[in-house]
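Enquirer: using only what follows, build the 3D model:
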Amino acid sequence: MVGILLAGLAASSCTRLPPHEPAAVYGNGSKQLVVATGSPGELGLLKVLCEEFSRENDVRVLWREAGSGESLQLLHDKQADAVMVHAASAEKKAVDEGWARRRTLVGSNEFFLVGPAEDPAGVRTAKSVVEAYQRVARSRAKFFSRADDSGTHKKEMAIWQKAGLVPEGDWYVRTHDFMLATLRRANAENGYFMTDSSTWVVARSRTPNLRLLFRGDPFILNVYHALCQPVGATPGAALAAKFVDFLASEKAQTILRDFGKDRYGEALYRNAEYARQFE
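Expert: Next up is the predicted model:
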């Protein structure tokens, strides 16, 4: 497991790949499945799940690294057979419009607001995530945004909207990059960033300038779903439906709820049963 997690970290340090270039290939079966997702791939969870699925289904799985918005666009454009995403409104819209189906609860984590140990914005004592963001904006402390239409970015923008603010200025830095890369930049430049809890557990020892400053607001719980192509929409559509069902199976859910325990003493994700209360 250690090698898997470190491999995910190493892969995330690379520049973005061309749009149709897979970040990794799992399994060597005769059939092909294309899966798009972000952090579950970066952190190595997708690798473990896909290798198990590959053993049972004679398939090779191509992972396309993309945030939730881009993953859904790949599904829409028939450049992915299945996705694992955390963008509820966009997911529901995709199903309603008919270009995605089988929306299935997979699991969850949560968002953390991390930042410099000295906490110049006073985020530690905020009573809500909206208040935390308001304090950052008022102090004009450096804040990093992925600005990439990922699930993280969508949630961030929803918080700014609830705060009644449009973030602008030198203090607000748009990275247009993935979770780990943005977290590392926040560490290097002593800024605030909203990361998911899974990434934080993996990367906290490598981001010594940052501290976990705010967590626990129900608004920043983070629920993942899998979706796939409609019947016959792509050559891998039938296999994608089978993959989505696999993700909900007890075997896959056991992998998910145990993932990371051997390395970090805690799991990186909560399973679907736990996540169901936040649906």
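
Enquirer: what residue lies at the spatial centre of the protein?
Expert: The residue at the geometric middle of the chain, judged as the C-alpha nearest the mean C-alpha position with CA atoms, centre = their mean, is Ser39 (3.9 Å).

Enquirer: what's the separation between that one and Phe246?
Expert: With the distance defined as CB to CB, to the nearest Å, Ser39 ends up 19 Å from Phe246. No exception for glycine: its C-beta is placed from N, CA and C like everyone else's.

Enquirer: give me the phi and psi for the residue of the chain positioned farthest from its centre.
Expert: Distance to the chain centre peaks in the chain at Ser30, reaching 28.8 Å (criterion: CA atoms, centre = their mean). With angles defined as degrees, to the nearest 10, Ser30 shows backbone torsions of phi -80, psi -20.

Enquirer: so who does the closest residue to it other than its chain neighbours touch?
Expert: The shortest distance from Ser30 to any residue that is not its chain neighbour, by CB to CB, 6 or more residues apart in numbering, is 5.5 Å, and that residue is Asp58. Applying CB atoms under 8 Å, 6 or more residues apart in numbering, we find Asp58 in contact with Gly29, Ser30, Lys31.

Enquirer: and if you look at Ala237?
Expert: If you count contacts by CB under 8 Å, 6+ apart, Ala237 has them with Asp81, Cys228, Gln229, Pro230, Val231.

Enquirer: ok, of these, which come out buried?
Expert: Neighbour-count burial (16 or more other CB atoms under 10 Å) applied to the contacts of Ala237 gives Asp81, Cys228, Gln229, Pro230.

Enquirer: the third one contacts Gly236, correct?
Expert: It stands for Gln229. Yes - between Gln229 and Gly236 a contact is recorded at 7.4 Å, counting by CB atoms under 8 Å.

Enquirer: identify the contacts common to the two.
Expert: Residues touching both Gln229 and Gly236 (CB under 8 Å, 6+ apart) are Asp81, Ala82.

Enquirer: bridged to the residue nearest to Tyr172 when sequence neighbours are not counted, which residues?
Expert: Spatial nearest neighbour of Tyr172, chain neighbours left out: Phe143 (5.5 Å); criterion: CB to CB, 6+ apart. In this structure, Phe143 has the following beta-bridge partners (DSSP bridges): Tyr172, Tyr192.

Enquirer: gap between Phe143 and Val25?
Expert: As defined by CB to CB, Phe143 lies at a distance of 36 Å from Val25.

Enquirer: more neighbours, these two?
Expert: For the pair Phe143 and Val25, the greater number of neighbours falls to Phe143 (23 against 13), based on other CB atoms under 10 Å.

Enquirer: spit out the contact partners of the more buried one.
Expert: Shown here is Phe143, whose contacts under the criterion CB under 8 Å, 6+ apart are Val136, Ala137, Pro167, Trp171, Tyr172, Val173, Gly191, Tyr192, Phe193.

Enquirer: nearest to Ala181, of those?
Expert: Closest approach to Ala181 among the contacts of Phe143 (CB to CB): Phe193, at 10.8 Å.

Enquirer: please tell me how far that closest one sits from Ala248.
Expert: Separation of Phe193 from Ala248 (CB to CB) stands at 31 Å.

Enquirer: ok, now Ala186?
Expert: As defined by CB to CB, Ala186 lies at a distance of 34 Å from Ala248.

Enquirer: returning to that earlier point: surely the residue nearest to the centre of the chain meets Ser198?
Expert: Yes - the criterion here is CB under 8 Å, and Ser39 meets it with Ser198 at 6.1 Å.

Enquirer: which two of the contacts of Phe143 have the greatest separation?
Expert: Using CB to CB, the pair of the contacts of Phe143 lying farthest apart is Ala137 and Phe193, separated by 14.5 Å.

Enquirer: more neighbours, the two?
Expert: Phe193 (28 against 21).
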